[in-house]
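A.B. asks: everything below, folded, please.
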Amino acid sequence: MSAWIQLVKKEFRLGIGMLYAVLAGTLVITTVSFIASIIGGMPFEQITMFALLLLFFHLFFLIIYLLNSLQKEKLQFWLHNPLPGYALLLAKIAAGVISMVLSMIFTTFLFFIPILLGGLSFSLDQSGVSVLPEAITLFLSLFVNFSLQMTVVFLFFWVIYLCSQNYLNTGFSFILTLFLFLLSMFIYGQFTQTSFFSSLTNWGLISLENTTSWFNFTHSIDKISITLEQTSPSFYMGRYVIEGLILIGLFFVTSWLLDRKIEV
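C.D. replies: Next up is the predicted model:
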């Protein structure tokens, strides 16, 4: 375990440059927005809108982080690490998640700068105050979950791309990988529409009462208001279990290919 933790630390140091670049870029964009709001008469709310947009782009942070890390890493040295493939991949993912969370915290702080400076007033409806921790937890869990799903799929096709380079040149390997990605997404999309998939996943019905399901933002030049809508949604746990098992299986297939099928 200590060897893996040291590997996570090494991966974090390897990707620290991208984290600094993202933080610097976020700060520059926010600073330009702030100057424009003072000199050019731009509404002060634009700063918070830019911050919200930057938070949205964090959905792709983990994939871009891994791309950057994998490009910097010398593959032959990385794969000669005595740890198994799944440990190598998990170390990169863990370092990426840490960097993503740090960047999101920084961006969230910038979101509140106009409010802290008194340029904007911020109000939250009374019913939303009591469920705000629940809403934030729900938002972060869905955000990280979706980001991890995209990352596992990305890693699988990245390994497919590396494997195909054993037989094809770089250009044909990329075309083949892109074709397989689009084909698999189409097939999976069609599969989820079948009655078999429904029978496979439509079990474990869970109904939640008075759960925050949506954020309503209303804003003007000098005020931002947030209303948390509460509904009683229901969903099938089976779908999350099956999709989770598919992602876990995909991850271990990726690890197996990384260990046995890639030539360095």
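A.B. asks: which sections of the protein are below the confidence cut-off?
C.D. replies: For the chain, residues meeting the criterion pLDDT under 70 lie at 1, 37-38, 40-47, 73-81, 114-136, 138, 207-234, 261-264.
A.B. asks: all helices for it, in order.
C.D. replies: Using DSSP state H, the helices found in the chain span residues 2-14, 16-39, 45-56, 61-72, 75-79, 85-111, 113-116, 126-164, 170-191, 195-201, 237-260.
A.B. asks: please convert those to JSON lines, extending it with mean neighbour count.
C.D. replies: Glycine gets a C-beta too; all of them are placed from N, C-alpha and C. What follows is the helices of the chain, written out as JSON lines (neighbours: other C-beta atoms under 10 Å):
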{"stretch": "helix 2-14", "mean neighbour count": "14"}
{"stretch": "helix 16-39", "mean neighbour count": "15"}
{"stretch": "helix 45-56", "mean neighbour count": "18"}
{"stretch": "helix 61-72", "mean neighbour count": "17"}
{"stretch": "helix 75-79", "mean neighbour count": "13"}
{"stretch": "helix 85-111", "mean neighbour count": "19"}
{"stretch": "helix 113-116", "mean neighbour count": "17"}
{"stretch": "helix 126-164", "mean neighbour count": "15"}
{"stretch": "helix 170-191", "mean neighbour count": "12"}
{"stretch": "helix 195-201", "mean neighbour count": "12"}
{"stretch": "helix 237-260", "mean neighbour count": "15"}
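A.B. asks: got a list of what the nearest residue to residue 150 once chain neighbours are set aside touches?
C.D. replies: Nearest non-adjacent residue to residue 150, counting by C-beta to C-beta, 6 or more residues apart in numbering: residue 63, 5.9 Å away. If you count contacts by C-beta atoms under 8 Å, 6 or more residues apart in numbering, residue 63 has them with 147, 150, 151, 154.
A.B. asks: how close does residue 63 get to residue 85?
C.D. replies: Taking C-beta to C-beta, to the nearest Å as the measure, residue 63 falls 19 Å from residue 85.
A.B. asks: got it, and residue 250?
C.D. replies: Distance check for residue 250 against residue 85: by C-beta to C-beta, it reads 13 Å.
A.B. asks: now swap in residue 53 and tell me
C.D. replies: As defined by C-beta to C-beta, residue 53 lies at a distance of 36 Å from residue 85.
A.B. asks: ok, residue 99 touching residue 13?
C.D. replies: No - between residue 99 and residue 13 there is no contact under C-beta atoms under 8 Å: 10.9 Å.
A.B. asks: measure stretch 36-50 end to end?
C.D. replies: Terminal residues of stretch 36-50 lie 12 Å apart, using C-alpha to C-alpha, to the nearest Å.
A.B. asks: from residue 237, how far off is the residue lying closest to residue 155 once chain neighbours are set aside?
C.D. replies: For residue 155, ignoring the flanking residues on the chain, the nearest one in space by C-beta to C-beta, 6+ apart is residue 254 at 5.2 Å. Separation of residue 254 from residue 237 (C-beta to C-beta): 26 Å.
A.B. asks: same question, residue 9
C.D. replies: Taking C-beta to C-beta, one finds residue 9 at 36 Å from residue 237.
A.B. asks: again, but for residue 13
C.D. replies: For residue 13, the distance to residue 237 - C-beta to C-beta - is 39 Å.
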